[in-house]
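Asks: Sequence first, then the predicted structure:
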There are 2 protein chains.
Amino acid sequence: MKEGPDIAQIGALIGDPARANMLAALTGGRALTATELAGVGGITLQTASTHLAKLEAGGLLAQRKQGRHRYFTLADEAAARLIESMMGFAAGRGHLRHRPGPKEPALRKARICYDHLAGDYGVRMLDSLISSGSIDAVGDGLALTEKGESDLKCIGVDVGALRSSRRPLCRSCLDWSERRAHLAGSLGKALLASFLDKGWARRATESRSILFSPEGDRQFLKLFPLETN
Amino acid sequence: MKEGPDIAQIGALIGDPARANMLAALTGGRALTATELAGVGGITLQTASTHLAKLEAGGLLAQRKQGRHRYFTLADEAAARLIESMMGFAAGRGHLRHRPGPKEPALRKARICYDHLAGDYGVRMLDSLISSGSIDAVGDGLALTEKGESDLKCIGVDVGALRSSRRPLCRSCLDWSERRAHLAGSLGKALLASFLDKGWARRATESRSILFSPEGDRQFLKLFPLETN
DNA sequence: GCGATGCTTCGGTTACGATCGAAGTATGAA
DNA sequence: TTCATACTTCGATCGTAACCGAAGCATCGC
């Protein structure tokens, strides 16, 4: 025994409620200050400071000093994916932080997941891309097809530029509210960015919700129709 | 805030060293008794009993009563993948339970990861299957090709039977010692089973190592040659 | 039936870490 | 320089949960 990686350390880091709340908040993709994170954790600034130091030492967070503020984000995509996968598992086992029910319908409809679209709309988008033949669900993974590449160009997403990054283009991410996969990876990020850019939707200020305008809603639903068979 | 799944609960479950050790031991795929798990956790039977009850309540473990023994396993593949992904993350951040170095070379060479082959040999096998065209690494996932299906039939792995199960055929799993992917899923399981079946290798009794016989070693290396370019 | 083994439950101790008040450091504004 | 804001470090308190000894069930072998 005593061989292999030590999962107890990160487990313990995530295992504290205040820290878990901060991590969950950072899943929103925004950089937050220590004071803001103390708020979401429900603790004082001093306590938050020690928590944040521990999370950073554990490799879960990264910080960037800017003036007298200190902005925290999840350390990288690996950290984000770990938190997301824990959320998926927890949701599957019914470990929820609130009484179940439609507490936050907006959140279930569309929200941000690190940097891409999740919730009902996220799942619908991936389903639609697959049924239209833009994305191949082959084996356990996702791959963009040639048709998909040209279709996306029409919406204004330049796939070529995305390919140059080291980050995978398509990645499937388990949605905790829908219990199904939605599209992550640099393509997922670019798509969400384009919706925001077009003014179809905007980020809520206090929550992870993505709020679609009536017109944006119409466009989105037209662009990603549901399979009808 | 307070929306979404509660990751603190499972985090705390995994965060205790004794529990983490037990979970890591169960990654070996074998069902273990409460007494055995108390041993790997370094605690008394009473303490282990309460830990195991908590892990089961949290949905991480399943138990099966057999006579006066109580056998524990990871609850399902989702639980196993969660533990594996935490191991991968922990290893990437240098959180190891022992002083680094070649402590357990056998373990790094070949070991069991829930139910499939991991370590150097596991990574080599997947690389070889990809470069021979048996498996397509498309997008972020893995898919068996027609060539692969017929090739595997020659080694005595019946892919048709595997397809009928709900479990995905190919799945990539991050190897914590090699920091690269190896093959999981029902195909990964079937391949390891066939090696054991053929007598090429056997499981170590006290560790997660897979021990290849000299002849098995030869056969394995011949069957899965390394790309030489 | 009896004793032995495997495991659980109970009770009490103990230690670790989360918490906050208070004081200290750094950056910016005036 | 002085004051204010953002954050860290120190010190002390306090609660929770890990832990084990002892006792209680359940199952097996005889």
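Replies: Happy to help now that I have it.
Asks: Tell me the residues of chain A that contact DNA strand D?
Replies: Chain A comes close to DNA strand D at residues A:33-35, A:45-46, A:48-50, A:52-53, A:68-70, as judged by CB under 7 Å from any atom of the strand. For glycine as for every other residue, the C-beta is placed from the backbone atoms N, C-alpha and C.
Asks: Can you pull the domain assignment for chain A?
Replies: Split into domains by automatic domain parsing, chain A comes to A:7-78, A:105-223.
Asks: from the chain's centre, how far out does the longest one sit?
Replies: In terms of CA atoms, centre = their mean, to the nearest Å, the gap separating the centre of domain A:105-223 from the centre of its chain is 11 Å.
Asks: Pull the contacting residues for A:Ala78.
Replies: B:Phe89, B:Gly92 (CB atoms under 8 Å, 6 or more residues apart in numbering or on different chains).
Asks: do that again at 10 Å, thanks
Replies: Counting by CB atoms under 10 Å, 6 or more residues apart in numbering or on different chains, A:Ala78 makes contact with A:Gly59, A:Leu60, B:Ser85, B:Gly88, B:Phe89, B:Gly92, B:Arg93, B:Leu174.
Asks: so how far is B:Ser150 from it?
Replies: Applying CB to CB, to the nearest Å, the value for A:Ala78 to B:Ser150 is 37 Å.
Asks: Ok, A:Ser213 next?
Replies: 53 Å.
Asks: same check, this time on A:Glu149
Replies: 31 Å.
Asks: Those two: who's more crowded?
Replies: A:Glu149 (17 against 11; other CB atoms under 10 Å in any protein chain shown).
Asks: Tabulate the contacts of A:Ala78 (JSON lines), appending secondary structure and neighbour count.
Replies: Formatted as JSON lines, the contacts of A:Ala78 follow (DSSP: H, G, I helix; E, B strand; the rest coil; neighbours: other CB atoms under 10 Å in any protein chain shown):
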{"residue": "A:Gly59", "secondary structure": "coil", "neighbour count": "20"}
{"residue": "A:Leu60", "secondary structure": "coil", "neighbour count": "27"}
{"residue": "B:Ser85", "secondary structure": "helix", "neighbour count": "20"}
{"residue": "B:Gly88", "secondary structure": "helix", "neighbour count": "20"}
{"residue": "B:Phe89", "secondary structure": "helix", "neighbour count": "23"}
{"residue": "B:Gly92", "secondary structure": "helix", "neighbour count": "17"}
{"residue": "B:Arg93", "secondary structure": "coil", "neighbour count": "19"}
{"residue": "B:Leu174", "secondary structure": "strand", "neighbour count": "20"}
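Asks: contacting residues for the residue sitting nearest the centre point of chain A?
Replies: Central residue of chain A (CA atoms, centre = their mean): A:Cys113, 1.5 Å from the mean position. A:Cys113 sits next to A:27-29, A:80, A:83-84, A:87, A:119, A:122, A:173-176, A:182-184, A:188, A:192, A:208, A:210 when contact means CB under 10 Å, 6+ apart.
Asks: got it, and A:Leu52?
Replies: A:Arg19, A:Met22, A:Ala34, A:Leu37, A:Ala38, A:Gly41, A:Leu60, A:Leu61, A:Gln63, A:Arg70, A:Phe72.
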